Structure formats: structure tokens, C-alpha cells
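Q: Build me a model:
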Amino acid sequence: MNTQPKAGSEPTAHSAVLHRDTRFVPRKAVGGKGSYLFLEDGTKLLDSTGGAAVSCLGHGHDKVKQAIVDQTNQISYCHTAFFGTEVSEELANFLVDSTGGKLSKLYVVSSGSEAVEAALKLSRQYFLELPTSQPQRTRFIARKPSYHGTTLGALGVGGHVIRRQPFEPLLSQNISHVSPCYAYRGKKDGESDADYVARLAEELDAEFQRVGPDTVCAFIAEPVVGAALGCVPAVPGYFPAMKAVCEKYGALFILDEIMSGMGRSGTLHAWEQEGVVPDLQTIGKGLGGGYAPVSGLLIGEKVVDALEKGTGAFRHGHTYQGHPVSCAAALAVQKVIKEENLLENVRNMGAYLESQLKIHLGSHPHIGDIRGKGLFWGIEFVKDKATKEPFSPEKFVAFRIQETGMKPAYCICLYGSSGTVDGTRGDHAILAPPYNVTKEEIDIIVGTTVKVVAEVFAGIDAP
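A: You can find the predicted model right below:
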């Protein structure tokens, strides 16, 4: 855990809020417009990460704000055990249509962790609802290191060592983990993509065999690994191979697109680029762009069919599921993305961001890899470029990158994370600007990031 004071915090201020670090009170954000956030002291920060890859339309978008006001004026809340709303139906139709009907139902909740919990529980219930019930299916296979949320079920399928450690005794023992598709560190010298995929498929197959192939409910993975690894995409052919193993043993195939989906990777659904369709898909972050707490679970027809022919009831629920204001915010965000053709801008500006990062930072002695898709890019920092050796955790590299960016000289948000290599060692930073970012803003983001990196490593390398 980081123990250094944060540049954007006040160590002596008092607050009744349980902040992320009880010893420091963050400066207050008082406004935002487009790609910028405004703080109470007058600081104007370039939000190059959209928080945690959330603010896909930037801040203060007038159409989204108006949609929220309109929905609040109509009805702000009703319990889904009693009532439905037009806005939830419209959002569901919009998202189901966006999959070409390949996923046929939407379940709306408030956070990504809730969406993952719903996916896990529905996976289990699916096998109980089948005409020939399979109650022995109680296990899940996920990947390490990965991140799927902070509730106990979501944390259990996650493979992030630092986040799991305090709660290990509480986590399910029915979850196991296989290697990620992490070409920078996982591919062997001279190994082709096809051979790498075959090796990972064999590993997953062996794990099914080890735990009992008829005991597994589902395999879960992120199409582009976000917070845990720093925007790591899979090599071509990986996801079809993983799905084939799942189908071989009758298990479900879950894609967690909470961070990488809803346009962030350049297509509305990241799986559109992978040649697969999941049985269950979690969505969030870019779904509502931060304008309201909203996430969701898109459900494939075979799962829906089993439920409808069985009990007809998902034994799960939340007070705020299908919240009308959240649905209105999400629908407005998705309509803006479609009407303003922002996915094309994600692809174009993403290609430009990639090229500029690689031109200006690719040869840096402490940058090992620059990877990502769309407007979702990660920079991995290393002590030795040739050996890929990471810095020791005591150097706080990712922390320094993030906090240096907040200094008045730079005024940029950079999303730093540690544990990249094995859950404890390794550092990366994520860039995830809004889908309507301009070329001029990309130039500022890259130029400022270069300066931040230079300052941080000048201090680390100093004798």
C-alpha cells in the first residue's frame, strides 16, 4: 500500500467522509467541462483517464444532463418488483439491438461489481434451470492477475493479489485461475501467436480436467485487461480458442467488458473485434459515462431460454436495479455516441494516440511496453528494458507518475497502478480520454505525459 502523502491531498484537513486514505483529504472538484476538471483552488486539470476510464463523453455534456433532469421530473424511482419504466425498456432494446440480437436481455445494476456478481449467480442458476439439472457445477475459472470488482464474489474471481490479500479467508475456494494472454511477458522467444494461443488453450483445458470438467459454471475474462495489467489486449485467435474449451465442457463463457467495453476499445462491444459472442457480458463505466451509477449484464438467448423454461425467476435483486435516472443517463450517453459517430473518433484518435506515445516514449529506457486498443492505452514501466525487470514496489513508480501529474506544472490526471507483473511487483499507467477528444488534446496529453515521465525517472535514477 502507498504510504506517501498525495499531491492532491491535504494531510491536516478534517473530514467526516471515509476517504480512500483516512490520513489525507483530497482536494475538492467543483466543476468540469469536456476533458477538464476544475478544483476548488482554481486548478484546471486535463482528465486524460476519465477517472477509471469512465467519463467517455467528458464532463458537463448538456444532452446527458438534460436527459437526467427530464427523467427526474417524470419519475426518479420505482421498485422493479412492482413496476417497470419506459426508459429501462428503451435502454434494453437499444443495447440488445447493438449486439444484433446475439444477447437478448439486459439486467441493469449500479456498479461493475454488482454486474459481475449477477453474472456469477446467473451462471450457477442456469445449470440448475436446465431440463437435466447440473447442481454439481459450482466452480469458476478466471485469470491472474485480473480485476473484476470488490464484492466478495467479484473479488474471488479476480486475481489481483493486493486487493485479495486481506479477505482471502472469506473468498470462495471454488475458484481457480489460469494465465492471462499477456504477450509482452507471457510469449516465449520465437513463439508464434498461434502457438501461444494453443499453449494457453491447453492450460485452460488442463484446469477443467484438474477440477472436474462437469463442475465448472463458467470461465470469465476481460477482452482488454484494464486496471490489473494496464490495457493488455489478447493476441488474435485467443478468445475463440478459450470459448471452444468452454463449449467442449459445456461451461458458460463470460466477458467482463466493464472497463474495456461500450466503445472504449473502438467498437461498442469489445468482443466484436475478437470473433466471439459471450454467453454473458458485463458492461459499465462507458455505459453511463459517470453521469449516474450504472452497469449491466447482457444475457445470451440460451441462458434466457433456460430461465424461461424453468422457474422464470432470477433469484437475485437489488433495491436500485433498473433505476430510471441511471437508465436515462445511460441511454442518453449511448445515443450521443451513436448520433455523433464517436466510435469512429475513438478509432481515429486512438490510432493517433498510439503513434504519438510510441514515437515520444517508445525508446525510453524505463518504458517496456505501450499497448491497448481504441482510446484505452497502457504504459508499462520497467527497471531494465532488456530483461523486463520491474522496479521494486518500494520505488512507488506508478504512484509517483500519478501524483507528479497532479502538480501545478502539469495539471494532468494519469491513472497509475501497481502489481502489473505478479500482483505485487510492476507498474503501469493508463490513458483513457473521452471519445470526443480532439487531436489537439491528444498532443497535450502525450506532451505532458512525456514531461511527467522525465521528472519521475530523473528522481528515481538520481544517485
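
Q: going forward, measure contacts between C-alpha atoms and count neighbours the same way
A: Noted.

Q: residue boundaries of the helices in the stretch 351-463 of the chain?
A: Applying DSSP state H, counting those that start in this stretch to the stretch 351-463 of the chain gives helices spanning 397-405, 439-461.

Q: And for the stretch 101-250 of the chain?
A: Using DSSP H, counting those that start in this stretch, helices in the stretch 101-250 of the chain cover 112-129, 152-157, 161-164, 183-186, 193-211, 238-249.

Q: quick one, phi/psi of F253?
A: For F253, the backbone dihedrals are phi -120, psi 110 (criterion: degrees, to the nearest 10).

Q: burial measure for the residue nearest to A183 when sequence neighbours are not counted, as a count.
A: Leaving aside its sequence neighbours, A183 sits nearest to V235 (C-alpha to C-alpha, 6 or more residues apart in numbering; 7.2 Å). By other C-alpha atoms under 10 Å, 16 other residues sit near V235.

Q: Kindly report the same for E272.
A: Neighbourhood size, E272 [other C-alpha under 10 Å]: 12.

Q: By mean pLDDT, flag the weakest helix or strand of the chain.
A: Least confident helix or strand, the chain: strand 9-10 with a mean of 62, by mean pLDDT, DSSP states H and E.

Q: Distance check, the residue lying closest to K121 once chain neighbours are set aside against A330.
A: Closest residue in space to K121, ignoring its immediate chain neighbours: H316 at 7.8 Å, by C-alpha to C-alpha, 6+ apart. Separation of H316 from A330 (C-alpha to C-alpha, to the nearest Å) stands at 22 Å.

Q: quick one: which of these two has more around it?
A: With other C-alpha under 10 Å as the criterion, H316 and A330 differ in neighbour count, and A330 comes out ahead with 30 against 9.

Q: so when I look at the more buried one, I'm seeing a helix, right?
A: Yes - assessed with DSSP: H, G, I helix; E, B strand; the rest coil, A330 lies in a helix.

Q: can you give me the strands for the stretch 1-150 of the chain?
A: For the stretch 1-150 of the chain, strands defined by DSSP state E, counting those that start in this stretch occupy the ranges 9-10, 25-26, 29-33, 36-39, 44-47, 103-109, 139-143.

Q: Would you mind stating the distance between the nearest residue in space to H19 that is not next to it in sequence and G50?
A: Excluding the flanking residues, the one nearest H19 by C-alpha to C-alpha, 6+ apart is V25, at 6.8 Å. Distance, V25 to G50, using C-alpha to C-alpha: 21 Å.

Q: Among the two, which residue is more densely surrounded?
A: The neighbour count for V25 versus G50, taken as other C-alpha under 10 Å, is higher for G50 (28 against 21).

Q: Run a quick neighbour tally on the closest residue in space to L122 that isn't next to it in sequence.
A: Closest residue in space to L122, ignoring its immediate chain neighbours: F314 at 7.0 Å, by C-alpha to C-alpha, 6+ apart. Neighbour count for F314, taken as other C-alpha under 10 Å: 14.

Q: quick check, F314 in a strand?
A: No - assessed with three-state DSSP, F314 is coil; it does not lie in a strand.

Q: got a list of what it touches?
A: Contacts for F314 (C-alpha atoms under 8 Å, 6 or more residues apart in numbering) come out as L122, Q125, L307.

Q: and which of those is nearest to T150?
A: T150 lies nearest to L122 out of these, by C-alpha to C-alpha, at 18.3 Å.

Q: Local confidence estimate at the closest one?
A: Looking at L122, its pLDDT reads 98.

Q: Kindly report the same for the one 5 residues further on.
A: Model confidence at F127, expressed as pLDDT, equals 98.

Q: Now do it against E301, distance only.
A: Distance, F127 to E301, by C-alpha to C-alpha: 14 Å.

Q: what does stretch 333-352 contact?
A: 57, 63-64, 263-268, 287-289, 373-376, 435-439, 442.

Q: filter these to the buried ones?
A: The neighbour-count test (16 or more other C-alpha atoms under 10 Å) marks 57, 64, 263-268, 287-289, 373-376, 435-437, 442 as buried among these.

Q: And the strands in the stretch 201-350 of the chain?
A: 216-221, 224-225, 232-233, 252-257, 280-283, 295-300.

Q: nearest to L95, of the ones you listed?
A: Among the strands of the stretch 201-350 of the chain, strand 295-300 sits nearest to L95 (C-alpha to C-alpha), with 8.2 Å.

Q: Just give the nearest non-adjacent residue to F376, would you?
A: Using C-alpha to C-alpha, 6+ apart and skipping residues adjacent in sequence, the residue nearest F376 is A432, 4.9 Å away.

Q: surely that neighbour meets W377?
A: Yes - using C-alpha atoms under 8 Å, A432 makes contact with W377 at a distance of 6.5 Å.

Q: So between these two, which is more surrounded?
A: The neighbour comparison of A432 against W377 (other C-alpha under 10 Å) goes to A432, with 29 against 26.

Q: got a list of what the more buried one touches?
A: A432 neighbours (C-alpha under 8 Å, 6+ apart): S48, T49, G50, A52, A53, R264, L375, F376, W377.

Q: Then Y36?
A: The contact partners of Y36, by C-alpha under 8 Å, 6+ apart, come to K44, L45, L46, D47, G58, H59.

Q: Show the pLDDT at the nearest residue to S98 once chain neighbours are set aside.
A: Distances taken as C-alpha to C-alpha, 6+ apart place L268 nearest to S98, at 7.8 Å, with adjacent residues excluded. On pLDDT, L268 comes in at 98.
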